[in-house]
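>>> Quick one: sequence plus predicted model below, questions after.
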Amino acid sequence: MAPSPSLPLLLLLFLFADVATASSDEPKEKMTHLHFYFHVYYGGPNATTVTVVSPPGNSTFGSIAVGNNILKEGPESSSMLIGRTYDLTVQASMESQSAYLYMLNLVFTSGEYNGSSISVVGKEVVGETMERTIVGGTGKFRMAWGYTISRLISSTGTTELFLVYEHDAYIYHH
């Protein structure tokens with residue numbers, strides 16, 4: 001005659017089944033795709049990015065810039081403002097082609113994501129398509145992760161440089 005399961009063993013199995021069911025009630029992960037444009041002004045009275053550290057000599061290695069750039073729905077200056085960036089850029093390459101360590105917060109100030117932000121870190125090489133990592137967020141993007149892809153679509157001026165970058169952000173969050 002086979003032994004019958006004991007009461008403590010049955011209670012333990014019931015408890016595990018209850019925990020497994022409860023954990024499946026957690027919010028599902030969502031993916032949000034955002035498409036927007038950075039408007040960056042170097043030099044002149046409307047500069048949104050400035051160099052704050054210039055290394056000695058002829059090298060740009062080690063230069064540091066800070067920015068408070070403009071996020072817009074479209075590439076035109078008249079496009080709707082949707083937020084700002086708070087960024088830090090460090091010239092971190094000693095190679096002939098400049099590469100930068102780029103850290104920024106994208107802070108949304110209007111629309112569905114007003115008050116939310118995402119934090120991005122990665123490499124920047126001006127003129128190349130760049131992929132960077134989303135390392136966190138706030139508000140609707142709390143605990144976000146994902147990536148951004150950006151590319152320069154417009155560059156005008158010399159002493160007062162105006163750049164427009166097209167960005168796609170793929171944000172995973174709860």
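Cool, the structure landed. Just so we're clear, the structure is a prediction, and the values are computed from it rather than from any experiment. Numbers count the residues shown, from 1 in each chain.

>>> I figured residue 162 hits residue 40, correct?
Yes. Taking contacts as C-beta atoms under 8 Å, residue 162 lies within contact range of residue 40: 7.3 Å. (Each C-beta comes from the backbone N, C-alpha and C, glycine too.)

>>> Tell me which of the two has more neighbours.
More crowded of residue 162 and residue 40, by other C-beta atoms under 10 Å: residue 40, with 20 against 17.

>>> So which helix or strand of the chain has the lowest pLDDT on average?
The helix or strand of the chain with the poorest confidence is helix 7-23; it has a mean of 50 (mean pLDDT, DSSP states H and E).

>>> secondary structure element for the residue nearest the centre of the chain?
Taking C-alpha atoms, centre = their mean, the centroid of the chain lies closest to residue 120, which sits 3.2 Å from it. If you go by DSSP states H and E, residue 120 is part of strand 117-124.

>>> Could you do residue 60 as well?
Remark: residue 60 resides in no helix or strand, with elements defined by DSSP H and E.

>>> I'd assumed residue 96 was in contact with it.
No. With contact defined as C-beta under 8 Å, residue 60 does not count as touching residue 96 (11.3 Å).

>>> Just want to know which of the two has more residues nearby.
Counted by other C-beta under 10 Å, residue 60 and residue 96 do not tie: residue 60 has more neighbours, with 14 against 5.

>>> And that one, how far from residue 28?
As judged by C-beta to C-beta, to the nearest Å, residue 60 and residue 28 stand 46 Å apart.

>>> before we move on, what about residue 151?
31 Å.

>>> ok, now residue 68?
Residue 68 is 35 Å from residue 28, by C-beta to C-beta.

>>> Between these two, tell me which one has more neighbours.
residue 68 (13 against 6).

>>> Quick check, the residue nearest to the centre of the chain in contact with residue 133.
Yes. Between residue 120 and residue 133 there is a contact under C-beta under 8 Å: 6.8 Å.

>>> Surely residue 168 is in a strand?
Yes. According to DSSP: H, G, I helix; E, B strand; the rest coil, residue 168 belongs to a strand.

>>> Count residues in the vicinity of the closest residue to it other than its chain neighbours, would you?
In space, and not counting its chain neighbours, residue 168 is closest to residue 149: 4.9 Å by C-beta to C-beta, 6 or more residues apart in numbering. Other residues lying near residue 149 total 13 when counted by other C-beta under 10 Å.
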